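*Asks:* with the input below, show me the fold.
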Amino acid sequence: MLETFQNLWHALWAIPHLKLYLTLAWLLYIVLLCGWIVLQKREPVATLTWVLSLALLPYLGYLIYFLLGPQKIHRQRLRRYHSRKGMESHDASCPVDGNCSELASMGQATTGLPPSSATSVQLLVDGGATYDALLDAVAGARNHIHLEYYIYMPDGIGTRLRDALAERARAGVKVRLLLDAVGSSKVNRRFLQPLLDAGGEFAWFHPTRFRPFTRSWVNLRTHRKIVVVDGSVAFTGGINITDEEDERLGDSAYRDLHLRLEGEVVRSVQLVFVEDWAYATGQKRKDFEGTTLWRATEPGIQGGISAQTLISGPDSSWEAIHRAHVAAIHEARSRVWLVTPYFVPGEAARMALTSAALGGLDVRLVVPKLSDSRLVTYAARSYFDELLAAGVKVYEFGPRLLHTKALLCDDDLAIIGSANFDHRSFRLNFEISLLFRDRTIAATLAQLVEGEIAASEPVHDLRNRSLWRNRLPEALARLMSPLL
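*Replies:* Numbers count the residues shown, from 1 in each chain. Reported below is the predicted structural model:
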């Protein structure tokens with residue numbers, strides 16, 4: 001067998017001009033690949049990074065780009081479709097000539113979701129408070145429960161929630177559960193069987209099956225955390241369903257933040273779920289008959305809290321959540337406080353933060369001392385020198401993993417949701433955030449951030465650190481930042 005292989009190898013290299021043919025094939029591969037990537041019209045840095053990286057991996061590079069490279073999708077979902085009927089007349093839409101802020105108008109233009117209001121907003125800190133509030137809302141459901149999660153673990157809290165959903169399904173409540181196929185990969189049919197037997201419905205978002213000659217969506221995930229109960233109560237934010245986020249079970253639980261919402265804004269959160277469910281399952285509006293989708297408040301009753309739902313994903317080129325963050329920072333006049341577990345900013349976001357600090361604003365960044373991705377931790381630290389030089393105060397939270405995702409500007413603007421401050425959240429993941437203009441919410445968030453800063457270590461001059469253990473890994477990780 002070995003002798004046959006050796007003879008074949010020698011015969012192959014005996015072919016006249018083989019090296020020339022291989023060189024021409026490699027050049028053709030580079031030309032076609034570069035043309036394909038350049039035609040995507042993305043940021044020059046990201047384009048050059050992909051071209052240089054994949055040029056060094058002939059043919060294998062194409063496979064990597066095919067599976068994990070930047071992608072745009074056209075979702076066959078209910079966006080701006082019949083599902084929006086019944087809610088359009090109740091949302092406080094922002095007319096072109098209306099007295100709306102630039103930020104609100106931009107949010108509506110990029111997402112199709114107008115500014116709205118809430119009658120109640122609770123900031124739920126950590127998993128304990130969130131899971132208790134969630135289970136209480138589920139227990140009180142009478143019509144429907146809609147859930148969408150990136151991570152759902154079949155552990156203690158996952159089992160408790162599954163059993164609570166099954167009990168409501170047996171009572172006639174319509175239960176729909178949508179899970180990301182990568183983040184919730186440990187969930188299987190056996191675990192879900194009690195819910196399915198009770199009449200609950202379940203679907204995967206972007207299943208990880210591979211089909212020949214079909215581009216996979218393995219790199220495009222739903223990072224959203226959404227629960228809507230009876231169209232009147234909604235939950236969203238950063239907390240997944242996992243014991244790792246329940247501080248009552250151990251000191252290493254994530255530090256995180258979630259929202260409980262009531263009022264008109266629940267309608268738009270409900271719409272986001274309906275669109276995602278329709279996209280994942282192919283169901284139409286008629287499949288939701290018998291479910292009171294938009295029963296957030298009585299028509300015409302507005303809450304006292306200004307709220308707007310922001311969504312983004314690879315099905316839109318507007319990067320709505322990214323734009324909202326950058327615009328809010330530029331709009332700030334006194335302070336910008338940012339808390340995020342993943343900090344890999346693009347040029348626009350980095351310029352906004354440093355410009356605010358150079359302009360004399362109180363700019364603070366709180367990140368984990370060590371995130372769950374060492375590559376992202378190194379990439380984040382590669383930006384600290386520039387931030388510190390501009391006057392940004394940087395803090396590293398620990399020893400718990402910081403998972404809070406929030407932006408506070410001045411005394412009245414807050415953005416809280418599922419989106420990290422990085423390329424993946426702004427461009428590749430399906431994300432949801434809530435933008436509030438309310439002094440009470442801003443004051444509550446400021447108090448929470450001050451507590452996180454008190455538990456953090458300030459970052460100072462980084463120039464005297466080890467070249468091999470710190471500065472070089474950080475510089476290399478930064479080169480990969482457009483791909484993170």
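*Asks:* shouldn't residue 437 be in contact with residue 415?
*Replies:* No - Residue 437 is not in contact with residue 415 according to CB atoms under 8 Å; the separation is 10.4 Å. For every residue, glycine as well, the C-beta is placed using N, CA and C.
*Asks:* and these two? Which one has more around it.
*Replies:* Between residue 437 and residue 415, residue 415 has the larger neighbour count (other CB atoms under 10 Å), namely 23 against 19.
*Asks:* hmm, residue 119 is touching residue 265, no?
*Replies:* No - Residue 119 lies out of contact with residue 265 (CB under 8 Å); the separation is 9.1 Å.
*Asks:* please say which of the two ends up with more neighbours.
*Replies:* Applying other CB under 10 Å to residue 119 and residue 265 shows that residue 265 carries more neighbours, namely 31 against 19.
*Asks:* OK, contacts around the more buried one?
*Replies:* Counting by CB atoms under 8 Å, 6 or more residues apart in numbering, residue 265 touches 116, 117, 118, 234, 296, 303, 307, 308, 309, 434.
*Asks:* list just the nearest of those residues to residue 427.
*Replies:* Within the contacts of residue 265, the smallest distance to residue 427 is 19.0 Å, found for residue 309 (CB to CB).
*Asks:* quick one, what contacts that closest one?
*Replies:* Contacts of residue 309 (CB under 8 Å, 6+ apart): 111, 113, 116, 265, 268, 269, 272, 432, 433, 434, 435.
*Asks:* residue 109 too?
*Replies:* residue 318.
*Asks:* and it, how far from residue 115?
*Replies:* 12 Å (CB to CB, to the nearest Å).
*Asks:* same question for residue 467.
*Replies:* 50 Å.
*Asks:* of the two, which one has the most company?
*Replies:* The residue with more neighbours, out of residue 467 and residue 115, is residue 115; 25 against 9, by other CB under 10 Å.
*Asks:* ok, the more buried one touching residue 106?
*Replies:* No - between residue 115 and residue 106 there is no contact under CB under 8 Å: 10.7 Å.
*Asks:* ok, back up a step: out of the contacts of residue 265, name the ones that lie in strands.
*Replies:* Using DSSP state E, the subset of the contacts of residue 265 located in strands is 116, 117, 118, 234, 307, 308, 309, 434.
*Asks:* where is pLDDT lowest across the contacts of residue 265?
*Replies:* Within the set of the contacts of residue 265, pLDDT is lowest for residue 296 (48).
*Asks:* quick one on the thing from earlier: can you pick the most crowded of the contacts of residue 309?
*Replies:* residue 265 (31 neighbours).
*Asks:* neighbours around residue 474, how many?
*Replies:* Per other CB under 10 Å, the neighbour tally for residue 474 reads 20.
*Asks:* which strand or helix spans it?
*Replies:* helix 472-479 (DSSP states H and E).
*Asks:* which strands and helices sit next to that helix?
*Replies:* On a contact count with 3 or more CB pairs under 8 Å, 6 or more residues apart in numbering; DSSP states H and E, helix 472-479 meets helix 374-381.
*Asks:* what's the weakest-modelled helix or strand in the chain?
*Replies:* When each helix and strand of the chain is scored by mean pLDDT, DSSP states H and E, helix 60-68 comes last, with a mean of 59.
*Asks:* next structured bit after that helix?
*Replies:* helix 102-111.
*Asks:* quick one: buried residues of that following helix?
*Replies:* 103, 104, 105, 106, 107, 108, 110, 111 (16 or more other CB atoms under 10 Å).
*Asks:* for residue 47, see how far away the residue nearest to residue 239 when sequence neighbours are not counted is.
*Replies:* In space, residue 239 comes closest to residue 258 once its chain neighbours are excluded; the distance is 4.4 Å by CB to CB, 6 or more residues apart in numbering. Look at residue 258 and residue 47: by CB to CB, they are 37 Å apart.
*Asks:* more crowded one of those two?
*Replies:* residue 258 (28 against 18).
*Asks:* tell me the bridge partners for that one.
*Replies:* Taking DSSP bridges, one finds residue 124, residue 237 as the beta-bridge partners of residue 258.
*Asks:* ok, it - contacts?
*Replies:* Taking CB under 8 Å, 6+ apart, we find residue 258 in contact with 123, 124, 130, 225, 235, 236, 237, 238, 239.
*Asks:* of those, which is the nearest to residue 155?
*Replies:* Distance to residue 155, by CB to CB, is smallest for residue 239 among the contacts of residue 258, at 14.2 Å.
*Asks:* does that closest one really touch residue 256, like I thought?
*Replies:* Yes - using CB under 8 Å, residue 239 is in contact with residue 256, at 4.9 Å.
*Asks:* okay, and the common contacts of the two?
*Replies:* Shared contacts of residue 239 and residue 256, defined by CB under 8 Å, 6+ apart, comprise 126, 127, 130, 245, 403.
*Asks:* how many other residues sit next to the last one?
*Replies:* This means residue 403. Using other CB under 10 Å, residue 403 is surrounded by 27 other residues.
*Asks:* look up how far residue 341 lies from it.
*Replies:* Here residue 403 is placed at a distance of 5 Å from residue 341 (CB to CB).
*Asks:* which neighbours do these two share?
*Replies:* Common neighbours of residue 403 and residue 341 (CB under 8 Å, 6+ apart) are residue 368.
*Asks:* strands along the stretch 351-484 of the chain, start to end?
*Replies:* Applying DSSP state E, counting those that start in this stretch to the stretch 351-484 of the chain gives strands spanning 362-368, 393-397, 406-409, 413-417, 421-422, 431-437, 456-458.
*Asks:* so what touches the fourth one?
*Replies:* Read it as strand 413-417. 103, 123, 236-238, 257, 259, 310, 321, 324-325, 328, 331-332, 405-408, 431-438, 441-442, 445.
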